[in-house]
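Chemist: Sharing a model prediction with you, sequence too.
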Amino acid sequence: MKYTSLEEVWDRFENKYQALNVAALEARRVIEGLHRGEISLNQNIIEYSLQRLHAGEIKYRKLTEAEVQAMTRESFAEPGFGSRY
């Protein structure tokens, strides 16, 4: 079994922090699938996620401005931090 080194990930992705975030999100997705019985895995979840990321099997993109706005507190009509009710 070949292990994916972090240096291999750094060589492939411009932003290493974003790459690790994407791999962590994939690991979470796999864990949820394992709990639901949808995924069967015989290796380390993090290693599996890093291998998929390095192989280009995980697709991701930056959020659009509209998507970012949809996730803001104001879009849910919630009071902001320190505001009065």
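Modeler: Nice, thanks for sending it over. Residues are numbered from 1 along each chain as shown.
Chemist: residue boundaries of the helices in the protein?
Modeler: Under the criterion DSSP state H, the chain contains helices at 6-12, 16-36, 45-54, 65-70.
Chemist: Need the winner for burial among the ones you listed.
Modeler: helix 45-54 (a mean of 19; mean count of other Cβ atoms under 10 Å). (Each C-beta comes from the backbone N, C-alpha and C, glycine too.)
Chemist: Counting by contacts, list what that helix packs against.
Modeler: Contacts defined by 3 or more Cβ pairs under 8 Å, 6 or more residues apart in numbering; DSSP states H and E place helix 45-54 against helix 6-12, helix 16-36.
Chemist: Could you figure out how far it is turned away from helix 16-36?
Modeler: For helix 45-54 against helix 16-36, the angle by axes from the mean of the first three to the mean of the last three Cα atoms, to 10 degrees is 120 degrees.
Chemist: now helix 45-54: how far from the chain's centre is it?
Modeler: Chain-centre distance of helix 45-54: 11 Å, with Cα atoms, centre = their mean, to the nearest Å.
Chemist: what's next to it, contact-wise?
Modeler: 3-4, 6, 8-9, 12, 19, 22-24, 26-27, 30-31, 34, 41, 58 (Cβ atoms under 8 Å, 6 or more residues apart in numbering).
Chemist: quick one: terminal-to-terminal distance for stretch 56-67?
Modeler: Its first and final residues considered, stretch 56-67 spans 24 Å by Cα to Cα, to the nearest Å.
Chemist: Can you give me the buried ones in it?
Modeler: By 16 or more other Cβ atoms under 10 Å, the buried positions in stretch 56-67 come out as Ile58.
Chemist: Could you measure from Ala66 over to Gly56?
Modeler: 27 Å (Cβ to Cβ, to the nearest Å).
Chemist: Tell me the helices and strands packed up against the helix or strand of the chain with the lowest mean pLDDT.
Modeler: In the chain, no helix or strand scores lower on mean pLDDT, DSSP states H and E than helix 6-12, which sits at a mean of 77. If contacts are counted by 3+ Cβ pairs under 8 Å, 6+ apart, helix 6-12 sits against helix 16-36, helix 45-54.
Chemist: Alright, that wraps it up for me.
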